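# Give me coordinates for this.
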Amino acid sequence: MDTENMVKMGSKQKALIQDLQSEQETVLMAALETIRKDGTADLIPHLIQLLVHNDEGEMVFEATRIILNELKTVKAVEPIIKELSEEHTKDIRHILVGALWESGLPVKDHLLFLVDLAIKDDYLTCLECLTVIENIEDRLDDEDLQAGITQVQDALMRPSDKEDLLNGLIEVLNNFMMAN
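Take a look at the predicted model:
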């Protein structure tokens with residue numbers, strides 16, 4: 001790509017970011033449609049901010065969620081994982097974890113992060129983490145699996161409304177161990 005096209009792309013991205021901060025639904029929806037067709041992983045944090053601070057209504061929220069669920073680039077994994085660590089995403093973490101699964105993104109390198117999130121976060125996020133983990137197709141590291149099992153066993157020593165999900169998570173992790 002030549003320098004002129006790189007500059008154009010940069011200005012296009014900047015314009016999309018600016019449009020994502022608009023309070024006008026029509027501007028937001030047009031930006032989201034452009035992102036759906038031509039967006040890059042660099043826009044993920046801005047899409048997540050739109051979900052977190054959505055005052056524009058259900059249509060904008062749903063369109064943003066759909067875009068996140070249709071990501072098919074490995075470059076999307078790191079920005080989503082980073083955002084899952086941020087306090088401001090607490091209310092939408094289940095959506096972000098669900099996007100990892102819906103998009104079929106590779107998360108094997110983040111197994112322990114997802115186990116920890118399942119333990120510490122709410123029921124719905126735990127359910128999404130369980131779904132993502134049980135659908136990992138890559139071979140998982142034995143040490144990570146054992147560490148994850150230990151984490152979940154420790155969590156089960158405390159009362160939790162997620163006991164059934166955590167027991168399911170141990171079962172999934174044990175199945176991965178046996179398959180290795």
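# what about Leu16, helix or strand, and which?
Here Leu16, judged by DSSP states H and E, is contained in helix 3-19.
# Residues contacting stretch 91-108, please?
Residues from elsewhere that reach stretch 91-108, judged by C-beta atoms under 8 Å, 6 or more residues apart in numbering: 48, 51-52, 65, 68-72, 74, 76-77, 80-81, 83-84, 89, 114, 117, 121-122, 124-125, 127-129, 131-133, 135-136, 138-140. The way it works is simple: take the backbone N, C-alpha and C, and place the C-beta from them, glycine included.
# cool, and stretch 134-147?
In contact with stretch 134-147 (C-beta under 8 Å, 6+ apart) are residues Trp101, Pro106, Val107, Lys108, Leu111, Leu112, Val172, Leu173, Phe176, Met177, Asn180.
# Quick check: phi and psi on Ser85?
phi -80, psi -10 (degrees, to the nearest 10).
# Can you get me a residue count around it?
10 (other C-beta atoms under 10 Å).
# mind listing what it touches?
Contacts of Ser85 (C-beta under 8 Å, 6+ apart): Phe113.
# Report the separation between it and Leu96.
The gap separating Ser85 from Leu96 is 10 Å, by C-beta to C-beta, to the nearest Å.
# Local confidence estimate at Thr64?
The model reports Thr64 with a pLDDT of 96.
# For the residue nearest to Asn54 when sequence neighbours are not counted, pull up the helix or strand it's in.
Leaving aside its chain neighbours, Asn54 sits nearest to Phe61 (4.8 Å; criterion: C-beta to C-beta, 6 or more residues apart in numbering). Assigned by DSSP H and E, Phe61 falls within helix 58-69.
# Alright, calling it a day.
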